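Chemist: Here's my sequence, what's the structure:
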Amino acid sequence: MNDQEKAEKIVNGMLEKDEFSRWLGIEVIEVKPGYSKLKMKIRKDMLNGFDICHGGITFSLADSALAFASNGYGNIAVALETSIAFSNKVIEGDTLTATAEEQSRNRKTAVYNVIVSNQNNEKVGIFRGTVYITKKEF
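Modeler: Residues are numbered from 1 along each chain as shown. Reported below is the predicted structural model:
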């Protein structure tokens, strides 16, 4: 099995057990070690009291992209620190795409940037995450 097949198998296995990401309606567009691209549509039950998407939904999409990108190598990686900036509002019917890209990696940690954009290619979230890489393999 090559690195690409391994990453796809790991992410498919993760998604099978990830009830929350499935509830969000996340679709995996592309995955490889250190990279993932996910897509989802915003539903009415994801809106807050102002009729805009709850920030936790955008954060969760970015967090899932981080998880899938950082675990594609084969060792279990878990978030140490994350942050997000919301640059535009998200409304019902928007389709969001999250693209996670590795910025640096060593034996124990890795840093990722995740850009969340809407269907008009406008950035709606800028996320940064650091993961701890365990010795435990999938």
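Chemist: Mind listing residues that contact the helix or strand harbouring residue 10?
Modeler: Element membership for residue 10, per DSSP states H and E: helix 3-17. Applying C-beta atoms under 8 Å, 6 or more residues apart in numbering, the external contacts of helix 3-17 come out as 1, 21-22, 26, 28, 31-33, 36, 67-68, 71-74, 138. Yep, even glycine has a C-beta here, placed from its N, CA and C like the rest.
Chemist: Tell me which of these fall in strands.
Modeler: 28, 31, 32, 36 (DSSP state E).
Chemist: And residue 86, how far from residue 55?
Modeler: Using C-beta to C-beta, to the nearest Å, residue 86 is found at 6 Å from residue 55.
Chemist: Next, the contact list for the one residue sitting closest to the centre of the chain, please.
Modeler: The centroid of the chain falls nearest to residue 65 when counting by C-alpha atoms, centre = their mean (1.5 Å). The contact partners of residue 65, by C-beta under 8 Å, 6+ apart, come to 36, 37, 38, 98, 99, 100, 114, 127.
Chemist: so which strand or helix has the fifth one?
Modeler: This means residue 99. strand 95-105.
Chemist: now the helices: where do they sit in the protein?
Modeler: 3-17, 19-24, 55-71 (DSSP state H).
Chemist: Which one of those helices lies nearest to residue 106?
Modeler: Residue 106 sits nearest to helix 55-71 of all those, at 12.7 Å, using C-beta to C-beta.
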